Structure formats: structure tokens, C-alpha cells
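Engineer: fold the following for me, if possible:
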Amino acid sequence: MEVVHATATPLALVQRVSALIDAGRAGAAGPLLAAARQIVAPSPELSLLAARLAESQGDPGLARAELDVAIEAAPDHAGLWKQRAALCQRLGDFDRAARDAAEAVCLDPADPDAKALLGSAMLSLGRPAEAWACLAEACAAVPTNAAFREALAIATEANGDPEAALGTLMEGLSPKGGALNLRNAAILFCIRHRAFQKAVALAEDGRIAGTVDACLFGLKGHAQSSLGLHTEAADSYAEALKLGPDDPYVRHLVQASGLLPGAKRAPPDYLRTVFDGYADRFDSHLIALGYQIPGAIRRIAMAYLDRHPGRPVLDLGCGTGLVGVAIGDLPVGPLTGVDVSARMLAEAGAKGIYATLEEADVQDWLDAENSQWGLILAGDVVCYFGALEALLRSVRERLAGDGWFVFSVEEHVDGESGWALLRQGRYAHSRDYLEDALGAAGFAVHALRPQVIRHEAGAPVPGFLIVAEPAALVN
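Structural biologist: Numbers count the residues shown, from 1 in each chain. As a prediction, the model looks like this:
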């Protein structure tokens, strides 16, 4: 228990409160801050401490209130504006964050942190050119700041110059290893742009320099698997598991490599990690792979909506909204999209098609929901579930009595019935298993037809497109 000594100076007390907050000891910091406020005159520094404490205790509303009052009392204090900008950015209030960060820059033009905050807010607002200008100044002022450099790379890519974006990341690395987060960002960048050999080389340079963590080995394994180097990928995944035994991203990739027993589904945190980093080029990448599912779903949706126009439609795992684009001109009722990735949802929202977008794991969201839909769609989502029984039961409960559930899966083609976790982290299902699981969940198969999902390495990825409806409706 922290004790306030009678001889403690106000400055020492304030410094102790700050140190406790930094150490994550909010419970001990609270009484000391209250004591400090009894013996120290109100000041921006105390307000900043109070806001930090409130946020560390899970009360961002109180933190915002502290800063609002403090800014009104001391409007010329750049630190207060900067702190409120950072808080608003974390809360998703990007417009307020940008305005506050701009005020902080005006009050202290030499502060690179304020410029970086303004750049991050501009990125969130979809204004990459302005973001780049702010972040370039911040990075020039502190070239060793890895967070500034990574944000500048994101802005550079958003401005349409991926080569320069990678160069920005690479400039922060050194022969001795460089910042680990920057190296991982560069590896992930290469993977997203399908430069798998470059990704492996960057990871190997980090290993030689001793600058490694579980994420680096997991990304290296992903790149090796994409190159068909499955034995080498398994070795990388094994190293990742040693360093991050509880990391959901690592564990799922290790399970996909066959080193651990197969999980029944991809963890939501894994999906969030993958697709948050993939959102900005998801559409162009899938188009390049000849992705056929949105068009195939459109043809089925047309048949359903001819009979039931204006029905509400649920798009599970909506991603960037490719399925929504495919059906957006049809006579649909309100279109709701659900996805675990905030960045994918931001891309979907920009298309202006969905009435509602929900950030959630699809299984959790279905289980918590009580509405019903006439048409439920899931394009390339079920491939992240192995065992389908729980998901299908949840979908059945949310489907109207005359509704259709339309979804795609990859085909399990090794001659066995059931499902399998593939090396790339997706699942494949056999026809027999799909029919049995649908029947057990109260569905009957309206249609189950072979469907090429996309092309990878020049070869078609075989799958199925399924239309299921409540069993009682089928003659």
C-alpha cells in the first residue's frame, strides 16, 4: 500500500503518481493523486495525470471530461490538446482528434508527437496526402521513432506509392537488426504484396541479428508456406510457438502446419490480425486471383429476391463489401454486414451500400442477436470454420422460415469425408460432411454445386456454393 509521508514534496508526489500509472498500478496511484490535488494548486500537469489515470482504469469518459475542463482553463497548453487528440483517436472520434492535434501543432510547431498525431488522424479520415505531409515532418524530426516511420509508410502506400512505402520501412532497419516492429511491418508488407521471397529474406536477416519474436517467425512461416516450402514453414512455426505459446495468430498457423492438433475454427484474434493488415488491398488482390464468389452469390440472390423482394439481407464476414457491391442494385431490404476486422469494415462503409455494419466475430454476433433475415450470405467466411455444427445452428435460428442461407466453402479433395485445416490457415470441407452438418442443424440442401473459388499459383481452388433452407420447406 502506498503511504503519503508528511515530508513528501508536491513534485515528488506528482512524480510518484506518474510512475505508478506507468507501471500499471492505477489502484495505488488513485489515492496519491487525490492527496496531490489537496496540496498542489490545479494545473495542466495534474489534469493530464488524472486523465491518464481514468483511462488506465477503463473510464475514457472521465478522462475526456478531465481534459475538457483543463483545456477550458488553460487553452494555450499544447500538451492538453495533444492528450485529448490521442484519446479521441483511440475512441474513434477521428474528426475531433484531427482538430485537437492541429491545435497542438499550432501551439507547438516543433513537437513531432503532435504532428504524428495529426497525421494518424488524417489517415483515419481518409486524407492520405495531408497525413503524409504531417508524418514526413515527424519522421524527419525523429528518424529513429519506429511508430512514426510505420505510420509514414502506411500514408505513403495510401498515396499510391508502395515501393516508396517499403523503402520507408527499410530505412529504419540496420544490419544489426533495427526496430523489431518495423521489421515485422516490412515482412507483413511484403506478404500482402506477394513478395514472399523478400519477406523470408527480411525475417532471416532479423534471425541472424537476433531481433526476433513470435510474430516474425509466424510471418516467415506464412511466407514460406506461400512459396510451397512447407517443411521450412513448419520449422518457423515451431520457433514461433516457443516464443508465443499463447498467441492466437501463431497457434492457428502452427495448427495449420500440422504441428498441433487441428482447431475447430480460426480464432477471431487471428482473423482480426490478418484482415486488418490486408484491408487496403483486399479488393484488388481478390480480383487479381479471379475471385468468383460475389458474382455467383448475386445470381442466387436474384432468384430469391424475384420471389421475395425487399427482404432484409445479412452479409456474414462482409469484409470490404464485395458481396454487397454484387447485390447492391437488387431489390433488397436493409443490408447488414458483420466482420471482425475494423479496417475491412471501414472499406465496406466507404462503399455506401450497407445500412448497418457491425464489428464482431460472426459466431458471437449471431448468438447474441434475435432478429431474422430472409437472406443470409457468407462469401468465403465458412472457410475459417472447421466444425460447422455450432455456426449452422446459429444461422438457422436467425433465418426466416422461407429464407435462404447462401455460402461458399473450399472442397476437401483428399478423398476423406469431413473437414481439414489447410496450410494457409483456411479449412476445406467434403460434400458428405456439408450435407450431414446442414441436416443436423435443421437445414435441407436446396443446391450444392461445385464452384471455383479463385485461382492460386495459376491453379483453380475447388469449392462448393451451397443454398440451404429450413428443412420443413423442402418437399
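Engineer: okay, domains of this structure per the record?
Structural biologist: As assigned by automatic domain parsing, the chain contains the domains 173-262, 279-473.
Engineer: mean pLDDT lowest for which of the ones you listed?
Structural biologist: Lowest mean pLDDT of the domains of the chain: domain 173-262, a mean of 78.
Engineer: how about the helices in the stretch 151-300 of the chain?
Structural biologist: 162-171, 180-192, 196-209, 214-226, 230-243, 248-257, 268-276, 282-288, 293-307 (DSSP state H, counting those that start in this stretch).
Engineer: now the angle from the third one to helix 180-192?
Structural biologist: Which is helix 196-209. Here the directions of helix 196-209 and helix 180-192 differ by 160 degrees (axes from the mean of the first three to the mean of the last three CA atoms, to 10 degrees).
Engineer: other SSEs contacting helix 196-209?
Structural biologist: helix 180-192, helix 214-226 (3 or more CB pairs under 8 Å, 6 or more residues apart in numbering; DSSP states H and E). The C-beta positions use only the backbone N, C-alpha and C, and glycine is treated the same way.
Engineer: to Lys115, which of the domains of the chain lies closest?
Structural biologist: domain 173-262 (19.1 Å; CB to CB).
Engineer: any idea how far the closest one is from the middle of the chain?
Structural biologist: In terms of CA atoms, centre = their mean, to the nearest Å, the centre of domain 173-262 is found 18 Å from the chain centre.
Engineer: separation between Ile300 and Val323?
Structural biologist: As judged by CB to CB, to the nearest Å, Ile300 and Val323 stand 11 Å apart.
Engineer: those two: who's more crowded?
Structural biologist: Val323 (30 against 20; other CB atoms under 10 Å).
Engineer: wait, the more buried one sits on Gly295?
Structural biologist: No - with contacts counted by CB atoms under 8 Å, Val323 stays clear of Gly295, the gap being 9.8 Å.
Engineer: name the SS class of Arg311, please.
Structural biologist: Judged by DSSP: H, G, I helix; E, B strand; the rest coil, the three-state class of Arg311 is coil.
Engineer: ok, how many other residues are close to the residue nearest to it when sequence neighbours are not counted?
Structural biologist: With CB to CB, 6 or more residues apart in numbering as the criterion, Arg311 has its nearest non-adjacent residue at 3.1 Å, and that residue is Gly374. When neighbours are counted by other CB under 10 Å, Gly374 registers 22.
Engineer: host element of Gly374?
Structural biologist: Assigned by DSSP states H and E, Gly374 falls within strand 373-378.
Engineer: following element in sequence after that strand, please.
Structural biologist: Using DSSP H and E, the helix or strand that follows strand 373-378 in sequence is helix 389-398.
Engineer: could you tell me the angle between that following helix and strand 373-378?
Structural biologist: Taking the same axes, to 10 degrees, one finds helix 389-398 and strand 373-378 inclined to each other by 150 degrees.
Engineer: can you give me how far helix 389-398 is from the chain middle?
Structural biologist: The chain centroid and the centroid of helix 389-398 are separated by 24 Å under CA atoms, centre = their mean.
Engineer: got the buried residues for stretch 318-332?
Structural biologist: Buried positions in stretch 318-332, judged by neighbour count with 16 or more other CB atoms under 10 Å: 318-324, 326-327, 330, 332.
Engineer: revised request: answer the last question for stretch 444-454.
Structural biologist: Residues of stretch 444-454 classed as buried by neighbour count (16+ other CB under 10 Å): 445-446, 448, 451-454.
Engineer: just these: which are in strands?
Structural biologist: Mapping those onto strands (DSSP state E) picks out 445-446, 448, 451-454.
Engineer: quick check, nearest of those to Thr144?
Structural biologist: For those, the closest approach to Thr144 (CB to CB) belongs to Arg454, at 41.3 Å.
Engineer: leaving out sequence neighbours, find the closest residue to Ala86.
Structural biologist: Leu117 (6.0 Å).
Engineer: report pLDDT for that neighbour.
Structural biologist: Note on Leu117: pLDDT of 93.
Engineer: roughly how far is the helix or strand containing it from the heart of the chain?
Structural biologist: Using DSSP H and E, Leu117 maps to helix 112-124. Remark: helix 112-124 is offset 20 Å from the chain centroid, using CA atoms, centre = their mean.
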